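Asker: sharing a model that was predicted from the sequence below.
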Amino acid sequence: MCQINEEDDEAFQALKAAAANKTAISRKCMSCDQDACVVVRIADPMCRKCFEEFFIHKFRSTLSKSNVFGRGERVLIAYSGGPSSTALLHLIADGLSVNARRRLQFQAHVAYIDESSLYPESTDIRDKVTDLITNRLQHPLHIVSIDDNLDKDHDFQQILTERTKSLTAREELVRRRKLKLLFDIAIRENCTKLITGDNCTKLAAQILSDMAQGKGAHVALECNLTDTRNDSVTIVRPFREIMSKEIAMYNRLNSIESLQNADISTMTGPQSSIFQLTETLVNDLQRQFPSTVSTIFRTSDKLEKNLQPHRCDLCCCPLDLSEDQSLVSDEERIKLIQQLFSPTSQNMDSVHVCYACRRLLRDVQPISHSRQK
Amino acid sequence: MHLTLEFAGGAELLFGKQKTHPVDLPESQTPWTIRTLLVWMRDNLLRERPELFIQGDSVRPGILVLVNDTDWELLDGLNYQLKENDNILFVSTLHGG
């Protein structure tokens, strides 16, 4: 399957034929014999009730198995407006409610990074988010614009459109910038955990995309349940064993609507960036070989690398280069990093970046260069 | 035949940002299936970028299809024969449409 001409590969054709000939999936739920409404995992049909129990159970047991949260701990939920984070809010609201079994005991805050300055047609997304989180769910809400606190030489939208030439680089900059802003909010609000709605389908695509960009040293960290790259705020990924299809199904059955489905890559096509390519690959493979995602995960979990104790100033992951190799010497790039990624409290004397972030910076042109146009 | 088509998860961006489309399919000699519905949709409803929705004779992987809130994998998939007033939902689980 890694060849250009799949027709010539006998082994692949044999596998495909076997998959096509498998007996039709029974229409009865595997646990209770009611009519099934969805197929999960490899080929397990489930009825609505059993599916919801399965889904909620996976979420709760992922959290309680690892004893992640302390009682009364302040926790920040990263809300993007998309289907995963909207489902996350819904599940957490259920888990916090008074009559929940094994009730969740943390204090939930919600953060939303407003990216509307990056899109030509912005809608009233802030109002919708405020309505959902402040009025209906009644959590403290912290909205920060993605260009928060940037000086006039570093307009984020301009950096992305004029100085960053590839969609891949733009996506990666936005991703790192959002994480940095989320960490800032968490620290400011004294939250020791940051919960994200990353599901395993997306994480699998992210793992492959990271490897393609030289970030292989960090994949075990990126797909872990708890991510301790930041000393003050631990990232928690309760959906890491839940597929995007399961989330879509859960949302449909509970009429949960996502508020925002577009990002900078929307409508650009399956070959427009490395992540688009790997997401397409993962979904394509998953259709015929349903253990694709779990295999990517199982393998990545084992890819630990001995890393430096110091952190990259862009992505906060442990450095995979030596101190000399990771030092940034270009004045303009240092200024860029300090503007977009500097920690709120410290002033950075020397800036260090990991291998992948170093390559990313090469795709961002210096100001003088773009002004020559 | 009257059907309701629904789009979610970003798929609606390909169909004029409209989430619900009531449609009336013309009479046909052969019964309508999801396979033939997709062809009809490509020719009559898809405003732009068909390759973001359709791949070969099926939907692009990453787009979940539910017929009356039931996974199409439980219902013969592309060969499912459409019935009057069926509700077909296409949810995109892909980022970027």
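Answerer: Happy to help now that I have it.
Asker: next, residue A:32: phi, psi?
Answerer: Dihedral pair for residue A:32: phi -130, psi 0, per degrees, to the nearest 10.
Asker: what sits against it?
Answerer: Shown in contact with residue A:32 (C-beta atoms under 8 Å, 6 or more residues apart in numbering or on different chains): A:47, A:49-50. Bear in mind the C-beta positions are built from the backbone N, C-alpha and C, glycine included.
Asker: mind redoing it with 6 Å?
Answerer: residue A:50 (C-beta atoms under 6 Å, 6 or more residues apart in numbering or on different chains).
Asker: what sits closest to residue A:294 if chain neighbours are left out?
Answerer: Among residues not flanking residue A:294 along the chain, residue A:200 sits closest, at 7.6 Å (C-beta to C-beta, 6 or more residues apart in numbering or on different chains).
Asker: may I have the secondary structure class of the residue lying farthest from the centre of chain B?
Answerer: Most distant from the centre of chain B: residue B:29, at 20.5 Å, with distances by C-alpha atoms, centre = their mean. In three-state terms, and counting by DSSP: H, G, I helix; E, B strand; the rest coil, residue B:29 is coil.
Asker: let's see the pLDDT reported for it.
Answerer: On pLDDT, residue B:29 comes in at 89.
Asker: tell me the helices and strands packed up against the helix or strand hosting residue A:86.
Answerer: In the assignment (DSSP states H and E), residue A:86 maps to helix A:83-96. With contacts defined as 3 or more C-beta pairs under 6 Å, 6 or more residues apart in numbering or on different chains; DSSP states H and E, helix A:83-96 has these neighbours: helix A:244-253.
Asker: and stretch A:153-167, C-alpha only, in PDB?
Answerer: Only the C-alpha atoms of stretch A:153-167 are listed here, as PDB (Å, rounded to 0.1, in the frame of the first residue of the first chain):
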ATOM      1  CA  ASP A 153       5.400  45.200  13.800                       C
ATOM      2  CA  HIS A 154       4.000  41.800  14.500                       C
ATOM      3  CA  ASP A 155       0.400  41.700  13.300                       C
ATOM      4  CA  PHE A 156      -0.400  38.000  13.400                       C
ATOM      5  CA  GLN A 157      -2.700  38.000  10.400                       C
ATOM      6  CA  GLN A 158       0.000  39.800   8.400                       C
ATOM      7  CA  ILE A 159       2.700  37.400   9.600                       C
ATOM      8  CA  LEU A 160       0.600  34.500   8.400                       C
ATOM      9  CA  THR A 161      -0.500  35.800   5.000                       C
ATOM     10  CA  GLU A 162       2.500  37.900   3.900                       C
ATOM     11  CA  ARG A 163       5.500  36.300   5.600                       C
ATOM     12  CA  THR A 164       4.600  32.600   5.900                       C
ATOM     13  CA  LYS A 165       4.600  30.900   2.500                       C
ATOM     14  CA  SER A 166       3.100  27.500   3.200                       C
ATOM     15  CA  LEU A 167      -0.200  26.500   4.700                       C
END
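Asker: what mean pLDDT does that stretch have?
Answerer: 87.
Asker: that stretch and chain B, any residue contact?
Answerer: No. Stretch A:153-167 lies apart from chain B when judged by C-beta under 6 Å from any C-beta of the partner chain; the minimum separation is 9.2 Å.
Asker: any idea how far that stretch is from the chain center?
Answerer: Put simply, stretch A:153-167 sits 22 Å off its chain's centre (C-alpha atoms, centre = their mean, to the nearest Å).
Asker: contacts only, for residue 37.
Answerer: In the absence of a named chain, chain A is used. Per C-beta under 6 Å, 6+ apart, neighbours of residue A:37: A:47-48, B:70.
Asker: chain B, not that one
Answerer: Per C-beta under 6 Å, 6+ apart, neighbours of residue B:37: none.
Asker: hang on, it in a helix?
Answerer: Yes. Under three-state DSSP, residue B:37 sits within a helix.
Asker: specify the angle between the helix holding residue A:86 and helix A:244-253 in degrees.
Answerer: 60 degrees (axes from the mean of the first three to the mean of the last three C-alpha atoms, to 10 degrees).
Asker: in terms of pLDDT, where does residue A:370 sit?
Answerer: 51.
Asker: separation between residue A:232 and chain B?
Answerer: Using C-beta to the nearest C-beta, to the nearest Å, residue A:232 is found at 29 Å from chain B.
Asker: give me the secondary structure label for that residue.
Answerer: coil.
Asker: mind listing what it touches?
Answerer: Residue A:232 touches residue A:187, counting by C-beta under 6 Å, 6+ apart.
Asker: let me see the mean pLDDT of stretch A:194-209.
Answerer: 95.
Asker: all strands of chain B, in order?
Answerer: B:2-8, B:20-24, B:54-55, B:58-59, B:63-67, B:70-71, B:87-92 (DSSP state E).
Asker: close to chain A, is the fourth one?
Answerer: Which is strand B:58-59. No. Contact of strand B:58-59 with chain A is not found when judged by C-beta under 6 Å from any C-beta; the minimum separation is 8.9 Å.
Asker: perfect, that will be all.
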